[in-house]
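Visitor: What shape does this take:
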Amino acid sequence: MRGKIMTLILSLLVFFGTGSASFAVNPDEMLDDPVLEKRAREISKNLRCLVCQNENIDESNADLARDLRILLRERLKAGDTDEEAVQYLVDRYGEYVLLKPRFGLHTLLLWTGPFIVLLIGGLGLYYTRRRMQQNAAAARIEADLTEEEKKRLQELLKSESETAAKTP
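Guide: Model prediction:
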């Protein structure tokens, strides 16, 4: 009995999990020409739903995604190339409509940002580790000092800090 329930649950998950994308594009939106429809589907996989944000317009059920799909198909029927149709949508809605932003000066930080953060983190880790090693080396050296040498070191450090405090 338990095995049948698990099978039913898994079947429902597979049915609803894989079928959602195919239900997003309504039959009344589809083009009669299968070549144009295939082009529209390929293009729409790279366009962001402005409502859902991390979902392409081909998979989204939002009204705005539907409008974008229809607009894209109208542009393709009008004879636009793939690039022209995408550029039309970018001109109208901004580059945010692209799931993968274009590389340019205005997106330079977006593309290089992760590497810069990684570099800064690596340098911070390097300097922290280096300082810890220097402190450990100093502690080993200090442990090897005699009591008389330790007193002399404290006097030198004290006189140095007093000199630094007097100097403006």
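Visitor: drop to CA atoms for contacts and neighbour counts, all remaining ones
Guide: Noted.
Visitor: burial measure for Leu98, as a count.
Guide: If you count neighbours by other Cα atoms under 10 Å, Leu98 ends up with 21.
Visitor: swap in Arg66?
Guide: Arg66: 20 neighbours (other Cα under 10 Å).
Visitor: could you point out which element follows the helix or strand hosting it?
Guide: Using DSSP states H and E, Arg66 maps to helix 63-77. With elements assigned by DSSP H and E, the helix or strand that comes after helix 63-77 is helix 82-93.
Visitor: if you average pLDDT over that following helix, what comes out?
Guide: When pLDDT is averaged along helix 82-93, the result is 90.
Visitor: Tell me the helices and strands packed up against that helix.
Guide: Helices and strands touching helix 82-93, by 3 or more Cα pairs under 8 Å, 6 or more residues apart in numbering; DSSP states H and E, are helix 34-44, helix 63-77.
Visitor: and the first one with helix 63-77, angle?
Guide: In terms of direction (axes from the mean of the first three to the mean of the last three Cα atoms, to 10 degrees), helix 34-44 departs from helix 63-77 by 130 degrees.
Visitor: Which residues outside helix 34-44 are in contact with it?
Guide: Met30, Leu31, Asn56, Ile57, Asp58, Arg69, Leu72, Arg73, Leu76, Lys77, Asp82, Val86 (Cα atoms under 8 Å, 6 or more residues apart in numbering).
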